[in-house]
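**Q** Fold the stuff below for me.
(chains A, B, C and D)
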Protein chains: 2
Amino acid sequence: MAEKKSDRTRAAILAAARERFGAEGYERATIRAIAADAAIDPAMVMRYYGSKEKLFAAAAEFDVRMPELHDVPKERLGEVLVRHLVERWEEDDTLRVLLRTAVTNEAAAERMRQVFIGQLTPTFQRAAIDQPAVRAGLIATQALGFALCRYILELRPVVELTTDEAIAWLGPTVTRYLTEPSPSAP
Amino acid sequence: MAEKKSDRTRAAILAAARERFGAEGYERATIRAIAADAAIDPAMVMRYYGSKEKLFAAAAEFDVRMPELHDVPKERLGEVLVRHLVERWEEDDTLRVLLRTAVTNEAAAERMRQVFIGQLTPTFQRAAIDQPAVRAGLIATQALGFALCRYILELRPVVELTTDEAIAWLGPTVTRYLTEPSPSAP
DNA sequence: TGAAAAAGTCAACAGGTGTTGGCATATGCT
DNA sequence: AGCATATGCCAACACCTGTTGACTTTTTCA
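**A** Below you'll find the predicted structure:
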């Protein structure tokens, strides 16, 4: 345990940063507020992370941890995917951080693209799904839209859906986006 | 023409405000920048609109102008609705303003709720569609998610869809959200 | 134990923000 | 033309932001 104390405050800063970025977005989340939450001096944030941008980069690291889809029967693809995404969304607030910041912050938007195009596309490709990029994009529209309405805008009817209801509604949509022949293809 | 000059600068301010709010979000869009775009003094913005908040309220006024759906055959509901929404989205940048700001600004979020729940629900009710609020919420997830990915995050595959392709993909989804019996109902 | 290094505190900076009041100019009416 | 009024500009305010450097305290380890 070479430098235990420092590790603990590093983690405290990161946790506070995620909380604030996720609740208020990039610009309204101030270093001073984050430092106050972590019960330390604002200068420490700079010492440990260099700048607000770098702190954000550290707080917004995310892996969607896509499951492999080879063995999933076609008609259950959507259900499996939606369940995975919703669970991922609820267990890791980093996605909420990204969603709240990506709208006004270019670095966050770029990371969002990495996750939803860069991580979904190869998984679909490996599952022998044609036009994987288009399908990743379509699924992103439904998945991000659901998260936006449920966690950020808090539209009443969307908030009140149970997880199972949400899966029952969105699953077939995602299945169709994965399996239906592209309308632009011959 | 009682006060023509003032009306023109009022309009110039509002146009510049919409531009900036839509491009940068609420906090990054500064009164100084808006004033510069409108080629006037920042103080004029205050004189005409009182405060940044009130200027925003004026710039974010929006009516989705829902068409009546009585006479639309069930299986074409989605196509009609998606086409209307996409067109509305492209002709009036106010929606982009709302989307960019609603994520960090409570007033904008409230207006978004008004539009997507408050304006869609009664239309569905008048068209004798059951559970109109839930269906409005579901359609909001798909519509807002599409706009988010296409206009804000600019996910490559989503940006590259033509309008017709987008309608072909999203139409059936929306139709299903409008016509399928609710999975929670008995 | 004692010195070197790490961890933390404090005050200040330079720049940007919304907002205000005083002053100049142009406009419109009689 | 002459004046009241609407319109516009300027400078300043109080505040908040990210960031920095000098300083003190604590920890580490030879």
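**Q** centre of the chain versus the helix or strand where residue A:86 lies, how much separation?
**A** Assigned by DSSP states H and E, residue A:86 belongs to helix A:77-91. Taking Cα atoms, centre = their mean, to the nearest Å, one finds the center of helix A:77-91 at 12 Å from the center of the full chain.
**Q** List the buried residues of that helix.
**A** Buried residues in helix A:77-91, counted by 16 or more other Cβ atoms under 10 Å in any protein chain shown: A:77, A:78, A:79, A:80, A:81, A:82, A:83, A:85, A:86, A:88, A:89. (Each C-beta comes from the backbone N, C-alpha and C, glycine too.)
**Q** and the least confident of those?
**A** Checked by pLDDT, the buried residues of helix A:77-91 have residue A:89 as the lowest-scoring entry (93).
**Q** List the contacts of it.
**A** Contacts for residue A:89 (Cβ atoms under 8 Å, 6 or more residues apart in numbering or on different chains) come out as A:95, A:96, A:147, A:151.
**Q** ok now do the most centrally placed residue in chain A, which residues does it touch?
**A** Per Cα atoms, centre = their mean, the C-alpha nearest to the average position across chain A is that of residue A:95, at 2.7 Å. Residue A:95 is in contact with A:62, A:88, A:89, A:147, counting by Cβ under 8 Å, 6+ apart.
**Q** circling back: can you pick out the ones from the contacts of residue A:89 that are in strands?
**A** Counted as lying in strands by DSSP state E, out of these, is not a single one.
**Q** Out of these, which is nearest to chain B?
**A** Nearest to chain B among the contacts of residue A:89 is residue A:147, at 8.3 Å by Cβ to the nearest Cβ.
**Q** my read: the closest one touches residue A:99, true?
**A** Yes: in this structure residue A:147 lies within contact range of residue A:99 using Cβ atoms under 8 Å: 5.8 Å.
**Q** Spatially nearest residue to the residue in chain A that DNA strand C sits nearest to (excluding sequence neighbours)?
**A** Here chain A gets closest to DNA strand C at one residue, residue A:6, 2.7 Å apart by Cβ to the nearest atom of the strand. Using Cβ to Cβ, 6 or more residues apart in numbering or on different chains and skipping residues adjacent in sequence, the residue nearest residue A:6 is residue A:48, 7.8 Å away.
**Q** mind listing what the one you found touches?
**A** With Cβ under 8 Å, 6+ apart, residue A:48 has these contacts: A:6, A:9, A:10, A:13.
**Q** buried subset of those?
**A** Applying 16+ other Cβ under 10 Å to those, the neighbour count classes A:9, A:10, A:13 as buried.
**Q** what's the neighbour count on the residue lying closest to residue A:79 once chain neighbours are set aside?
**A** Of all residues not flanking residue A:79 in the chain, residue A:171 sits nearest, at 4.0 Å (Cβ to Cβ, 6+ apart). Other residues near residue A:171 come to 20 when the count uses other Cβ atoms under 10 Å in any protein chain shown.
**Q** thought residue A:171 was touching residue A:85?
**A** No: between residue A:171 and residue A:85 there is no contact under Cβ under 8 Å: 10.8 Å.
**Q** residue boundaries of the helices in chain A?
**A** Secondary structure of chain A (DSSP state H): helices located at A:4-28, A:31-37, A:42-49, A:52-59, A:77-91, A:94-102, A:106-113, A:120-126, A:132-147, A:156-159, A:163-179.
**Q** Throw the ones you listed into TSV and include distance to residue B:104, thanks.
**A** What follows is those, written out as TSV (distance: least, Cβ to Cβ, whole Å):
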stretch	distance to residue B:104
helix A:4-28	4
helix A:31-37	14
helix A:42-49	21
helix A:52-59	14
helix A:77-91	19
helix A:94-102	7
helix A:106-113	12
helix A:120-126	26
helix A:132-147	16
helix A:156-159	19
helix A:163-179	25
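**Q** which one of these lies closest to residue B:129?
**A** Closest to residue B:129 of those, according to Cβ to Cβ: helix A:156-159, at 13.3 Å.
**Q** so which two of the contacts of residue A:89 are the farthest from each other?
**A** Using Cβ to Cβ, the contacts of residue A:89 span at most 8.6 Å, a distance reached by A:95 and A:151.
**Q** Residue ranges in chain A under the pLDDT threshold?
**A** A:1-4, A:184-186 (pLDDT under 70).
**Q** Show the contacting residues for the residue in it positioned nearest to chain B.
**A** Proximity of chain A to chain B (Cβ to the nearest Cβ) peaks at residue A:145, 1.9 Å away. Each residue near residue A:145 by Cβ under 8 Å, 6+ apart is listed here: B:140, B:141, B:142, B:143, B:144, B:145, B:146, B:148.
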